[in-house]
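K.L.:
what would the 3D arrangement of this be:
(4 chains)
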2 protein chains.
Amino acid sequence: MAKFENIKEHIYQKIESGEWPEYHPVSSENALANQFKVSRMTARRALQELSDEGLVTRTRGSGTFVAPLKSQSALLTIRNIADEIALRNHRHHAEVVCMEKVPASPTLATFLHVPVQSQVWHSIIIHHENGQPVQVEDRYVNPRLVPNYGEQDFTQRTPHDYLCEVTPLTEASHQIEAVLPSAALSRWLKVEALEPCLQINRRTWCRDGVVSQATLTHPGSRFRLGGHMTFRASKKS
Amino acid sequence: MAKFENIKEHIYQKIESGEWPEYHPVSSENALANQFKVSRMTARRALQELSDEGLVTRTRGSGTFVAPLKSQSALLTIRNIADEIALRNHRHHAEVVCMEKVPASPTLATFLHVPVQSQVWHSIIIHHENGQPVQVEDRYVNPRLVPNYGEQDFTQRTPHDYLCEVTPLTEASHQIEAVLPSAALSRWLKVEALEPCLQINRRTWCRDGVVSQATLTHPGSRFRLGGHMTFRASKKS
DNA sequence: TCTTTGCTAATGTATATACAAGCTGTACTC
DNA sequence: GAGTACAGCTTGTATATACATTAGCAAAGA
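P.N.:
Purely as a prediction, here's the structure:
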C-alpha cells in the first residue's frame, strides 16, 4: 500500500472507532510527516483526500479537525424527518406505537444478516408535522450492534439520530415505491384506504454489519421527496 | 485565481462547449506544463481534480481522456430507462404517443423560464419492458436550447439520451411522489385507476438555462426506484 | 482594561526532481 | 508472418524546498 494510504487508514480508524469524536483535532501535516517518516507533501495528500471525502475539515491557520458526522453523506442526504420538519419551521412530534423484541422471520433474518428466529428490536413510530401524521416508521434493528435500542425515548429524538451516534454509518441502500396502505397504515396516517403512499425501504450498514432496516411510509397527498444535484464541483470563472 | 484553476477552467470550457467530445484525448501533464508555463505538478493537480470530479478519466501509460457524459453524475445517476431495462437483459421498446409544439401555460413557462404562450416542444412516450408498459414520459422541452427536438426518432433512442448529447447537463432536480393515475395514464400504463403510481418530476439545466421538464409515471406494481451509497470512497485495507 | 502589534504554527500554492509502473508502437528476431 | 524485446511516453508516488495566507495567542503599549 502507498504511504499516503497508510496515513489515511490510520486516521480513518481513529474516526470510525469513535476515539476521535466530532471536531477532535487531527495531527498537523508536519506532525504526521514526522510520525510516519514521510515528507510533508505526502502527509498533506492523506489529509487532503480525507477532506475531499468529507471526513475532516481543514482551515488555514487553524488546523484539521474531524468533520461533524451528519455532513458525511452530504451528497444524497439521509434525511432525518425531524430536521426536515424543523427546517420548514413546523412542529414535529413522535408517537411510539410499539417497541418490542420479536423473533426474526426468515425474510427479515436475511435482510439483517442475523440467525432465523433470533430476537431483534422492532419499533413503530408515527411522526407528525403540526399535528398531522406524515410518516410511519416501521423499523427492525440488529440487537448485536445496538443492544440498548429499546431503552431509548424516541419521543425526544429520532431513531435515525440515535443510530447515527452509536454506530457510524458506512453504507445505505434505498428502495422507493408507490403502494396502497395496509389497514393499519391507513389508520395511523389517517388517510383513506385508496390513497397512494410513498414507501421508502432503507437498510443501513456500519462497519460491522447491517444495523437496521426501516420501512417509511408517507401519505402521497402530504409528502414529496426532493433532490437536487449539480455536476460540477468548482464554481464558474 | 490559482494557476491550476486556470488550467481546469480551460479544459472545462473545451468539454462543456462540445469541442472535445467523449473519449477525446486531453493534453498530457507535460504538454500542459509547457503550454501554461507551470511545473508538471501544477498541471497534474488540474487533471487530478478534473478526474476526481468525473469529467476526465486517466490511465497510466495511456493518457487522459474526456469521460463519457453519462458517468458524470455517478453518485445519484439520472437513469436512462432504456439502459436500465437493457441491464436486466430485458427488451425495451418505446411508443411515441404525441410530439407537438404547444403554447406554454403560465405554470410551464415558469418552470422552463420561457415567455408565457411561447411555443415549446411537448412529447409523450410510453416505454415498454418485455412488451409491458413501465413508464409514461411526459416531457416539455425548451426549443431555444433544443430546436430540433421534434425531428428525432424517439423509438430508436430516448429523449434523455438525445438531450444529454446536444446540451451537456449541469444541474438537475427531482421530486418524487405517489399518486393515482389520471384516466389517460391508467390507459397508457394498462393499470387500474386505483393502482398507485410513482411519479418523478424532473427538471434539467444546462449552462444556458432550463432544458427540459419531464413527468415520469411508473405503475407501483411494476417499478421500484433503488439507490445505494457508501460513505467512504477508499477501499478497506 | 482595551487595543495594537508581532510571532508562531498551520494550511495553501507552486516548483524541481527522481523513480516506479503501465501502455503503445516499432523494430528486430525466429 | 508471428511473436518478442525494447524505447519512449504517460500517469502514479514520493521528496525537498520556498513562499503566501490565515488563525490564534502573547506581549507590549496606551
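K.L.:
tell me how many other residues crowd the nearest residue to residue A:28 once chain neighbours are set aside.
P.N.:
Excluding its sequence neighbours, the residue lying closest to residue A:28 (CB to CB, 6 or more residues apart in numbering or on different chains) is residue A:63, at 6.1 Å. No exception for glycine: its C-beta is placed from N, CA and C like everyone else's. Burial of residue A:63 is recorded as 14 neighbouring residues (other CB atoms under 10 Å in any protein chain shown).
K.L.:
cool, the one 4 residues further on as well?
P.N.:
Taking other CB under 10 Å as the neighbour definition, residue A:67 ends up with a count of 20.
K.L.:
gap between it and residue B:56?
P.N.:
Distance check for residue A:67 against residue B:56: by CB to CB, to the nearest Å, it reads 27 Å.
K.L.:
where in chain A is pLDDT low?
P.N.:
Along chain A, the model assigns pLDDT under 70 to residues A:69-79, A:226-237.
K.L.:
hey, where'd the strands end up in it?
P.N.:
In chain A, the strands defined using DSSP state E lie at A:25-26, A:56-59, A:63-66, A:92-103, A:119-129, A:132-141, A:169-179, A:197-206, A:209-219, A:225-230.
K.L.:
so which elements touch the shortest one?
P.N.:
What it means is strand A:25-26. strand A:63-66 (3 or more CB pairs under 8 Å, 6 or more residues apart in numbering or on different chains; DSSP states H and E).
K.L.:
near DNA strand C, anything from the strand it packs on?
P.N.:
Yes: using CB under 7 Å from any atom of the strand, strand A:63-66 reaches DNA strand C at A:63-64.
K.L.:
would you mind listing the outside residues contacting that strand?
P.N.:
Residues outside strand A:63-66 that contact it (CB atoms under 8 Å, 6 or more residues apart in numbering or on different chains): A:15, A:20-29, A:47, A:51, A:55-59.
K.L.:
check stretch A:142-162 too.
P.N.:
The contact list for stretch A:142-162, computed with CB under 8 Å, 6+ apart, reads A:78, A:80-82, A:93-96, A:99-101, A:112-114, A:119-121, A:123, A:125, A:127, A:137, A:139, A:141, A:163, A:166-167, A:206, A:208-212, A:214.
K.L.:
related to what we said a few turns ago, and the contacts of strand A:63-66, which of them are buried?
P.N.:
Among these, the ones that count as buried by 16 or more other CB atoms under 10 Å in any protein chain shown are A:15, A:20, A:26-27, A:29, A:47, A:55-58.
K.L.:
from chain A, which residue is nearest to chain B?
P.N.:
residue A:196 (3.1 Å; CB to the nearest CB).
K.L.:
assess the claim that that residue and residue B:191 are in contact.
P.N.:
No: taking contacts as CB atoms under 8 Å, residue A:196 lies outside contact range of residue B:191: 11.8 Å.
K.L.:
looking at these two, which one has more neighbours?
P.N.:
Ranked by neighbour count (other CB under 10 Å), residue A:196 and residue B:191 place residue A:196 first, with 25 against 20.
K.L.:
dump the buried ones among the contacts of strand A:63-66 to JSON lines, plus distance to residue A:219.
P.N.:
JSON lines is the format used below for those (distance: CB to CB, whole Å):
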{"residue": "A:15", "distance to residue A:219": "39"}
{"residue": "A:20", "distance to residue A:219": "42"}
{"residue": "A:26", "distance to residue A:219": "45"}
{"residue": "A:27", "distance to residue A:219": "50"}
{"residue": "A:29", "distance to residue A:219": "52"}
{"residue": "A:47", "distance to residue A:219": "46"}
{"residue": "A:55", "distance to residue A:219": "37"}
{"residue": "A:56", "distance to residue A:219": "40"}
{"residue": "A:57", "distance to residue A:219": "38"}
{"residue": "A:58", "distance to residue A:219": "43"}
